[in-house]
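**Q** Have a look at this prediction, sequence included:
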Amino acid sequence: MSTRQYGRDDVVYADWYNPWMKLLAKSHTVAELQSMLHGASAEAVKHAGQHLRAIQKTGSMTGNSAARAHSRNNVAASGDKKIALQGALEIHELFPEHAKQSATGAPA
């Protein structure tokens, strides 16, 4: 267990980050995560636009509901992915002992 803290005595690495963030940090370097985050950001913008278009095509409360639900789910998934990638980058910064290092052995 790391003795490094996030700035609060009650928060430690083990319970501050979810398993997805931890896995991303262990599996990817900073450069890889930054590239993935850039792609996820563009994906989130695309899905948000699709969701807004699905809402605009709706003529009633039940009209186009499948398309709205699908696009809403895509927006939520894109947001979750961005949050996980940002958390993994934070792990690299604050807890490098729990993160994948670059090929040179130095923190990326």
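**A** That came through fine.
**Q** which residues of this protein score low on pLDDT?
**A** Scanning the chain for pLDDT under 70 picks out the ranges 1-11, 103-108.
**Q** residues of the top helix by length along it that come out buried?
**A** For the chain, the helix with the greatest residue count under DSSP state H is helix 65-94. For helix 65-94, the neighbour count (16 or more other C-beta atoms under 10 Å) marks 67-68, 71, 74-75, 78, 81-82, 84-85, 87-92, 94 as buried. C-beta here means a position set from N, CA and C on the backbone, and glycine is covered the same way.
**Q** Equivalent analysis for stretch 39-52, please.
**A** 40, 43, 44, 47, 50, 51.
**Q** any idea how far residue 22 is from the last one?
**A** Put plainly, it is residue 51. If you measure residue 51 against residue 22 using C-beta to C-beta, to the nearest Å, the figure is 30 Å.
**Q** ranges for the helices of the chain?
**A** Taking DSSP H as the test, the helices found in the chain are 13-16, 19-27, 30-56, 65-94.
**Q** Now render the ones you listed as JSON lines, adding distance to residue 100.
**A** Rendered in JSON lines, the data for the helices of the chain read as follows (distance: least, C-beta to C-beta, whole Å):
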{"stretch": "helix 13-16", "distance to residue 100": "15"}
{"stretch": "helix 19-27", "distance to residue 100": "6"}
{"stretch": "helix 30-56", "distance to residue 100": "8"}
{"stretch": "helix 65-94", "distance to residue 100": "8"}
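**Q** of those helices, which approaches residue 102 most closely?
**A** Ranking the helices of the chain by proximity to residue 102 (C-beta to C-beta) places helix 30-56 first, at 7.2 Å.
**Q** Distance from the chain centre to that closest one, please.
**A** Taking the mean C-alpha point of helix 30-56 and that of its whole chain, the gap between them comes to 11 Å (C-alpha atoms, centre = their mean, to the nearest Å).
**Q** by contact count, what packs against that helix?
**A** The criterion is 3 or more C-beta pairs under 8 Å, 6 or more residues apart in numbering; DSSP states H and E, and the helices and strands that helix 30-56 contacts are helix 65-94.
**Q** I am finished for the moment; much appreciated.
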